[in-house]
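Undergrad: Everything below, folded, please.
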Amino acid sequence: MTPLLFVLAVGQTSTSTAPLPAIESIIITASRVSDAAGASPYATTELDIDEILNGRPTLTLGEALAQVPGVFVSSRFNFTQDTRLSIRGFGARSAFGIRGVRILLDGIPLTLPDGQSQVDSIDMAAIGRVGVLRGPAGSLYGNAAGGVLVLSSVEPTDRTEVEVNNVIGAFDLVKTAVTGRTRIDNLGVSLFASRTRFGGWRENATAEQFITMARVIANLSSKVLWTSQLHYVRGPQAQDPGGLTEAEFNDNPRQAAPNNLRFRTGEDLSQIQFGSRLVAQFDAHHRLEVVGHAGVRAFDGNIPFRVIEFARNFYGGQFIYRYQDTFGDIGTRTAVGFELQGQQDKRRNEGNTDGLPNGEVLLNQEEQGTAFGAFVQQKVALFDAFTILGSVRYDRSDFDVVDRLVADGDASGERIFDQLTAQGGALYAFDGGFEAFVNVSQSFETPSFTELVNSAPDGGLSADLEAQKALSIEGGLRGSGSSYAFEASGFWIGLDNELLADEDELNRAIFVNAGESERVGVEVFGRWSPIPELELRAAYSFLRAEFREPERDGRRIPGLPEHRLFGRVRWMKYGFHVAGEVEYVGRRFVDDTNDNDADAYALAELRAGGRFDFGHGLWADLTVGIRNLFDVTYADHVRINGFGGRFFEAGPPLHAYGSLTLGWAQQ
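TA: Coordinates of the predicted model:
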């Protein structure tokens, strides 16, 4: 794990074979000021391909991110709700998808202009590197950057490789993934396709998904690198079992909520997205990067009493100019750029009668959102030991809605949010590979389109919801050597207008601003290999998130565990590996009043396997695993302020899986 940088994998590979030649040192760091070997004053974590895969089924982001301090992932088994990802509490309130965290794949944003992120087009089996910037980064990435998740695909290598992975497991889990990579002169190509079928442990929890990812990397010259990618996802079925009351959870955690069965809750979606990036290194000082992307998404979903349909077009572009130079013992790096994103949604809701649309049109409107951001960032390195970094950014978000159902009144309207954010940080590098860092950062988060629409009872956009704003102060120490790495950091975050979710009888999340709140936390990570064959790894997170307003002062922010601990022991020799993992999640309150909570739990997993080489480039890798080893009953996900006390979604009991990969590499 490299705590100094995380890379958007331009011209790098996650395998042991040689990568496609690329412009020297063309990398992008957490700070967006390119830096081939320097450091940044942020708490960051990087996972390589071995730490992502390691014999796991690769069903969700949560499998890999559980080992990252400050990150909490829930809803790992409800494909309708999508993975719930929070970083230092940002994103925990999300009713669906991911909120409050900026996500990029190979430099292409997966976060929409309104701050909503969808990761259903990602298969972790195709990812070669994951980087996490833990903490607010509004002046670096704009709206909804309470943290940043950077994903990088597995890179093409200098030879042709083909892999076929098959996963089978409990609850009718069947997953097949095919990967191909090759290189022809200065052109590298990666192809990936997968099909996942999951029967689900709970009632009404079946899911099916097809994902295709393609990527091309080309050195157009010694100074110009071009990459393009295409992602397609088709989810013809993803059922939603819904939340249970405490009594229902204790009686039979496997059951679905009655209304979810009656109204056949679930979704059907498809999405395709294309992106391209051009990087030009003019000389030792000047570099230019241009990014463009566009996509379409179609969604049909059933919730109690309603059938939801929307069609979305989304697009965006980015322009960044970078300059670097050295003046004696002072190195300077500058980045100046702007970004533009847009989305257009056509949304229609009908009444739901026993799972079928009944023809009663409840909502019919067109929504358009645009987001513009301009930024400048400056990094100065003094005498190879002291580094300072500062950035300023301006963002403007425009949301418009045109009401097409005017019989009950015209609810057309517009909301505009604009924000100036800044950041400053410093890092000092000691002898022996140790570093101390400190930073002060701001972030902001506008309500998403869905939050604005759901919170307007008569259609249109809510006129009351305001953007959430945060100020963060952080400091930490880290170091690494040949057999160890560690990082410890502490932070304070103050928030104004924190967005909180309530739930109505339609299972829709209704949002309000909560005034002031604060978060205080400590994060510790350590890795140690006493001998080459053995690795010990641990990550601990403490987070106390409380309201600071008269009505709720001192109450905890729901959905966030105060304590979380991850530990792993792994032994590897002669191609065989054995790993044991444990994850502890502390108690979580599930409502603003703190009257109800989800119990703490600890999950254990054991897996073992080996790699077998047959010669002529043929090989196989077999892994078997057991999850929830001690058969714990626990709430994998909680629905904050769930209507009627339906807070709890149970995770599966003890279950097993197996993974077999067959591969061939050109000799």
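Undergrad: any idea how far Q368 is from the nearest residue to Q344 once chain neighbours are set aside?
TA: Nearest residue to Q344, sequence neighbours excluded (C-beta to C-beta, 6 or more residues apart in numbering): N313, at 4.7 Å. All C-beta spots, glycine's among them, are computed from the backbone N, C-alpha and C. The spacing between N313 and Q368, counted by C-beta to C-beta, to the nearest Å, is 10 Å.
Undergrad: next one: R568
TA: Distance, R568 to Q368, by C-beta to C-beta: 46 Å.
Undergrad: about what we covered before: the residue nearest to Q344 touches Q343, doesn't it?
TA: Yes. If you go by C-beta atoms under 8 Å, N313 and Q343 touch, sitting 6.9 Å apart.
Undergrad: neighbour count winner among the two?
TA: Q343 (22 against 14; other C-beta atoms under 10 Å).
Undergrad: Would you tell me what the next helix or strand after the lengthiest strand in the chain is?
TA: Longest strand of the chain, by residue count under DSSP state E: strand 356-382. Using DSSP states H and E, the helix or strand that follows strand 356-382 in sequence is strand 386-403.
Undergrad: helices or strands next to that next one in the packing?
TA: helix 138-141, strand 356-382, strand 413-429, helix 449-454 (3 or more C-beta pairs under 8 Å, 6 or more residues apart in numbering; DSSP states H and E).
Undergrad: Mean neighbour count and mean pLDDT added to these, as a markdown table?
TA: Shown next, in a markdown table, are these (neighbours: other C-beta atoms under 10 Å; pLDDT from 0 to 100):
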| stretch | mean neighbour count | mean pLDDT |
| --- | --- | --- |
| helix 138-141 | 28 | 92 |
| strand 356-382 | 18 | 94 |
| strand 413-429 | 18 | 95 |
| helix 449-454 | 23 | 81 |
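Undergrad: Let me have these in a markdown table, adding distance to L495 as columns.
TA: A markdown table is the format used below for those (distance: least, C-beta to C-beta, whole Å):
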| stretch | distance to L495 |
| --- | --- |
| helix 138-141 | 12 |
| strand 356-382 | 21 |
| strand 413-429 | 14 |
| helix 449-454 | 16 |
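Undergrad: Nearest to R93 among the ones you listed would be which one?
TA: Nearest of the helices and strands packed on strand 386-403 to R93, taken as C-beta to C-beta: helix 449-454 at 9.7 Å.
Undergrad: Give the partner strands of the helix or strand following the closest one in its sheet and their orientations.
TA: Using DSSP H and E, the helix or strand that follows helix 449-454 towards the C-terminus is strand 468-480. For strand 468-480, the paired strands and their directions (DSSP bridges) are strand 434-445 (antiparallel), strand 484-496 (antiparallel).
Undergrad: Quick one: closest of those to A650.
TA: Here strand 434-445 is closest among the strands paired with strand 468-480 (C-beta to C-beta), at 29.9 Å.
Undergrad: Please save the CA atoms from the closest one in CSV.
TA: Taking C-alpha atoms only, strand 434-445 is exported to CSV below (Å, rounded to 0.1, in the frame of the first residue of the first chain):
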residue,chain,number,x,y,z
PHE,A,434,8.6,9.0,7.9
GLU,A,435,6.3,12.0,7.1
ALA,A,436,4.1,14.3,9.1
PHE,A,437,1.2,16.2,7.4
VAL,A,438,-1.5,18.7,8.2
ASN,A,439,-4.3,20.2,6.1
VAL,A,440,-7.4,22.4,6.3
SER,A,441,-10.0,21.7,3.6
GLN,A,442,-13.5,22.7,2.7
SER,A,443,-16.2,20.9,0.8
PHE,A,444,-19.9,21.4,-0.2
GLU,A,445,-22.7,19.1,-1.3
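Undergrad: Check which residues of that strand are buried.
TA: E435, F437, N439, V440, S441, Q442, S443, F444, E445 (16 or more other C-beta atoms under 10 Å).
Undergrad: mind listing what F434 touches?
TA: F434 makes contact with L477, R478, G479, according to C-beta atoms under 8 Å, 6 or more residues apart in numbering.
Undergrad: How about the first one, nearest residue that isn't a chain neighbour?
TA: Leaving aside its sequence neighbours, L477 sits nearest to A436 (C-beta to C-beta, 6+ apart; 5.1 Å).
Undergrad: contacting residues around the residue nearest to Q344?
TA: Applying C-beta under 8 Å, 6+ apart to N313 gives the contacts A294, G295, V296, Q343, Q344.
Undergrad: give me that answer again for 10 Å
TA: N313 makes contact with A294, G295, V296, R297, G342, Q343, Q344, D345, K346, Q368, according to C-beta atoms under 10 Å, 6 or more residues apart in numbering.
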